[in-house]
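Novice: Fold the following, please.
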Amino acid sequence: LNLGLNDDSVEALARATDDERFALDSYRRFIQMYGKIVLGVPGEEFDRRFEGARDLAGAATDHEVPPEVLSLVIDRFKAVVEDHTGEAFPQEPAAQLRGAIDAVFRSWQSPRAVTYRRREHLPDDLGTAVNVQAMVFGNRDDESGTGVGFTRDPATGDQGSFGDFLVNAQGEDVVAGIRATQPLHEMGERWPDLYDELQRIFEALERHYRDMCDTEFTVEQGKLWMLQTRVGKRTGRAALRLAVSMVDDPAIELTHAEAIQRVSADHLDQVLHPQFEQVDHTVLTKGLAASPGAAVGKVYFDADEAVEAAHDGEDVILVRQETSPEDVHGMEVAQGVLTSRGGLVSHAAVVARGWGKPAVCGAEQIVVGEDHFRVGDTVVRKGDVVSIDGTTGEVVLGAMHLTRGETPDEFDTVLAWADEARGDGLGVRANADNAEDAARARDNGAEGIGLCRTEHMFLGDRLPVVRRMILAATPDDEDEALEELRRVQREDFEGILAAMDGLPVTVRLLDPPLHEFLPDVEELAVKDARVGLSDEEAELLAAARSWEEANPMLGTRGVRLGVLKDGLYRMQVRALLEAAARRRAAGGRPIVEIMIPLVVAEAELALARSWVEEELAGAAGEGVAEGDVRIGTMIETPRAALCA
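Specialist: Next up, the predicted model:
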């Protein structure tokens, strides 16, 4: 803003407006913004000096700073620019304009812009544009001002305008939070005619765009100017309410199809999971939004200590560099998970999403120690309280107030419209690995389970049994461990089939490589070098090295693991068929589908299918017939696609 002002033109502006304070205020704003945005001078260098000048003048607000102090501020600002850049502040308007244009183009590759594009799924090669336009002055006098207004409440979707404004200010003051703003409705008390005009413009914009709009406006000496408008961002609850209300609004009349497009999957996630209350808060750091929802708890860095704290009634946030199956008992009792490493498909992210626990992963600014983590100069120790939001990736020091994601009436309305749109040609199933998730999925309209990952049933207190199976020295030892696993898996399957009675449940036999159920090789090797290992730990280290995969996405996993340990797949099938037989005996109608994982060739599927059919034949007298079970695979590798 105010580009073109220099040491000469500022005097001309003062003469033309007969207002020296306004001209000098505009010039100091220009140097401050241009220095920060274009020349790269740290903003706090300007802020600190202006705050000192305001204190010197005894001014409560920016527009109370007198002209003589503003002149001093301008000289200091120009000195700051020269100290940081080695050159004087540019005086030639054409040079100022070229610098501003270059800065806009450079901003496309700024870290903040890259992060935003990634979150909003915008292409990196789209590029940005530069608009050069004349501007009006909200800092002209006390009959001037600036504001940001939404045509409806972006947090709730309620009708009625929403926003903030400032008297005798420019737009940066509002959006940067430099001054305490006034709610938009108070503009009606100060300037009733202008407020009424603004409301009429809001109505016209909504009719034109057929959506809630986010606007910026300026008042210059009693005249209202609209600067820009765009479709406004909104929360999940607001998105649902706006979609439904605009279908019913005769001035807009959205179709059901249009309304559905206004609600994203992220919006529904926000509604279904706990979330931070919509209040201002200071973010300590941000990571990847790995699993939606928000959580508050005391920080613990060890899974065993997390379990002890949870048993003592504490809410726990488990903090790790990254998680592994060794940590699942801590994850199970934790309110949320925070890691400094890992992506959206890391162990922490996948398990947390499967369990419906909030998780923030890959928070790279966090340096994790044994009993603390550090972000810059801030140290968070074991037992300190933090809040995490897995929907936004935010980490906040202290306890945020959480609001439960109770679904509004509009939630069911929009989903009913979505059902109308998909018709009979598209089914909707859920991923669920336990009875609770299956029941919740059915309540939300799922027509079956599309994927039940059986590996998640092997974690927690069952992990030692899995390890006994892996380490078994004799077939009898292996059979004993498999029998113990069969009993617990049968209970799991029975609960899921009961929750989905009459609907199909696709159960994927064990998929991951066995080393994922063993301790980390590097951690055990370090411990061995430092203090030595127990006999059991030495066995685990040897097994982990033996089963470790160079590429865990391929290697000995899926059906190939079943070939090496066919008793494992037979056990799982037997447990599933027994669960189905129990459901039939109880009057239920189980619909079972068995998925053979990571098949790449017909021979693999034929072999695995023969195991399933043999178990089916053995279960024929228990109320489960061969026709009651479907057998298939997922085409998930290039070779499988080519062979299929």
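Novice: Please make it C-alpha for all contacts and neighbour counts, starting now.
Specialist: Will do.
Novice: residues near Ala265, how many?
Specialist: 8 (other CA atoms under 10 Å).
Novice: could we number from 58 for the rest of this?
Specialist: That works, and once the first residue is 58, the last one we named lands at Ala322.
Novice: pLDDT at it, what is it?
Specialist: Predicted confidence (pLDDT) at Ala322: the value is 86.
Novice: What's the separation between it and Ile506?
Specialist: Going from Ala322 to Ile506 by CA to CA, to the nearest Å gives 19 Å.
Novice: And Val205, by the same measure?
Specialist: Distance of Val205 to Ile506, given as CA to CA: 46 Å.
Novice: who's more crowded, those two?
Specialist: Ile506 (25 against 22).
Novice: Now the helix or strand hosting Gly109: buried residues?
Specialist: Following DSSP states H and E, one finds Gly109 within helix 100-114. By neighbour count with 16 or more other CA atoms under 10 Å, helix 100-114 contains the buried residues 103, 107, 110-111.
Novice: ditto for stretch 588-607
Specialist: For stretch 588-607, a neighbour-count test (16+ other CA under 10 Å) marks 590, 597-598, 600-601, 604-606 as buried.
Novice: Among those residues, which lie within helices?
Specialist: Under the assignment DSSP state H, the buried residues of stretch 588-607 contribute 597-598, 600-601, 604 to helices.
Novice: Output these as CSV; include the columns distance to Leu634 and pLDDT.
Specialist: Listed next are these as CSV, based on distance: CA to CA, whole Å; pLDDT from 0 to 100:
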residue, distance to Leu634, pLDDT
Leu597, 32, 79
Leu598, 35, 80
Ala600, 31, 79
Ala601, 32, 77
Trp604, 30, 75
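Novice: Return the closest of those residues with respect to Gly387.
Specialist: Comparing those against Gly387 with CA to CA places Leu597 closest, at 20.5 Å.
Novice: For Ile317, see how far away Ala475 is.
Specialist: Distance of Ala475 to Ile317, computed by CA to CA: 7 Å.
Novice: Likewise for Ala366?
Specialist: Distance of Ala366 to Ile317, computed by CA to CA: 44 Å.
Novice: do Glu551 as well
Specialist: Separation of Glu551 from Ile317 (CA to CA): 36 Å.
Novice: Surely Arg461 and Gly350 touch.
Specialist: No - under the criterion of CA atoms under 8 Å, Arg461 makes no contact with Gly350, lying 9.3 Å away.
Novice: which residues in the stretch 158-307 of the chain form helices?
Specialist: Remark: helices assigned in the stretch 158-307 of the chain by DSSP state H, counting those that start in this stretch are 168-177, 228-232, 244-247, 249-266, 293-305.
Novice: just so I know, which of those helices lies nearest Thr286?
Specialist: Comparing these by CA to CA, helix 249-266 comes nearest, at 8.4 Å.
Novice: Tell me the buried residues in the closest one?
Specialist: Across helix 249-266, burial judged by 16+ other CA under 10 Å covers 251-252, 255-256, 259-260, 262-264.
Novice: Just give me the longest helix of this structure.
Specialist: If you go by DSSP H, the chain has its longest helix at helix 532-556.
Novice: Can you name every helix or strand that that helix contacts?
Specialist: Packing partners of helix 532-556 (3 or more CA pairs under 8 Å, 6 or more residues apart in numbering; DSSP states H and E): helix 492-500, helix 520-528, helix 623-642.
Novice: residues in contact with the next helix-or-strand element following it?
Specialist: Using DSSP H and E, the next helix or strand after helix 532-556 towards the C-terminus is strand 561-565. The contact list for strand 561-565, computed with CA atoms under 8 Å, 6 or more residues apart in numbering, reads 504-511, 554, 647-654.
Novice: when you check the residues you listed against the helices, which ones overlap?
Specialist: Members of the contacts of strand 561-565 lying in helices (criterion: DSSP H): Leu554.
Novice: Got the domain ranges for the protein?
Specialist: Annotated domains of the chain cover 66-148, 150-189, 202-290, 334-456, 484-570+606-700 [automatic domain parsing].
Novice: from those domains, which stretch is densest packed?
Specialist: Compared across the domains of the chain, domain 334-456 shows the largest average neighbour count, a mean of 21 (mean count of other CA atoms under 10 Å).
Novice: Check the offset of it from the chain's centre.
Specialist: Distance of domain 334-456 from its chain centroid, counting by CA atoms, centre = their mean, to the nearest Å, is 14 Å.
Novice: So, low pLDDT: which residues of the stretch 258-407 of the chain?
Specialist: Low-confidence segments of the stretch 258-407 of the chain (pLDDT under 70): 382, 401-402.
Novice: Would you state the strands of it in chain order?
Specialist: Using DSSP state E, counting those that start in this stretch, the strands of the stretch 258-407 of the chain run over 270-277, 280-288, 332-333, 342-343, 345-348, 351-357, 373-377, 393-396.
Novice: between these, which gets nearest to Gly115?
Specialist: Proximity to Gly115 (CA to CA) singles out strand 270-277 among the strands of the stretch 258-407 of the chain, at 26.6 Å.
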